[in-house]
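Asker: I need the structure of the sequence given here:
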Amino acid sequence: MYKQTLKPGMFDGCIYFNLSALTRKVTRIWEEEFAKLGLSPSHGYLLFALAENPGASQKELGEIMELDPSTVTRFVDALVVKGLAGKPVRGKGASIHLTADGKRLYRKIKKRMDALYERMRDHFGEKEFGSFVDGLYEARQSLSGKRHGTADESR
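Answerer: Below you'll find the predicted structure:
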């Protein structure tokens, strides 16, 4: 008879396992918080990017968010349907603007993001959290062939 042996910690040194497990945990926290605003975190971050870059095109939003064009199209369309954004002209080069409702929600999203950042910083410690975020940023840049300072410099 075959008996499976559980080996706790067998993936502790695996980057894929650790990042995936952490992503699931962080995603759960972000989804709970953004649900209170009626958005997914992805839609919230796109709305935030649009508020910080008024009139950006879908292509520009894709570059900012590091998303495929089809994903940006779906996200923008979702914001338009919710009445949070508008596209005066159709097409990938069209500029996208937040509506008055989108601008109001942006302020709430910013507060929510700041609170989440503080929550994580308080949980991990300011220095450790800053180093962790900088390390993630550097790894992301390295894998995409970019090297541009620290995460703090890009904020």
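
Asker: Where do the strands of the chain begin and end?
Answerer: Applying DSSP state E to the chain gives strands spanning 85-86, 97-98.

Asker: And for G44, the neighbour number?
Answerer: 24 (other Cβ atoms under 10 Å). (Each C-beta comes from the backbone N, C-alpha and C, glycine too.)

Asker: ah, wrong one, I meant P41
Answerer: Applying other Cβ under 10 Å, we find 21 residues neighbouring P41.

Asker: Now do the same contact list for it.
Answerer: By Cβ atoms under 8 Å, 6 or more residues apart in numbering, P41 lies in contact with T27, W30, E31, F34.

Asker: How about the first one, nearest residue that isn't a chain neighbour?
Answerer: What it means is T27. Spatially, and ignoring its direct neighbours in sequence, T27 is nearest to P41 (7.2 Å; Cβ to Cβ, 6 or more residues apart in numbering).

Asker: Most neighbours among the contacts of P41, which one is it?
Answerer: Ranked by neighbour count under the definition other Cβ under 10 Å, the contacts of P41 are headed by F34 with 20 neighbours.

Asker: List the buried residues of stretch 79-97.
Answerer: Within stretch 79-97, the residues that count as buried by 16 or more other Cβ atoms under 10 Å are L79, K82, L84, A85, K87, A94, I96, H97.

Asker: what's the answer for stretch 42-53, then?
Answerer: Within stretch 42-53, the residues that count as buried by 16+ other Cβ under 10 Å are S42, H43, G44, Y45, L46, L47, F48, A49, L50, A51.

Asker: Need the residues that contact that stretch.
Answerer: Outside of stretch 42-53, the residues within contact range by Cβ under 8 Å, 6+ apart are 34, 37, 39, 56, 60-61, 64-65, 72, 75-76, 78-79, 84-85, 96-98, 102-103, 105-106, 109-110, 112-113.
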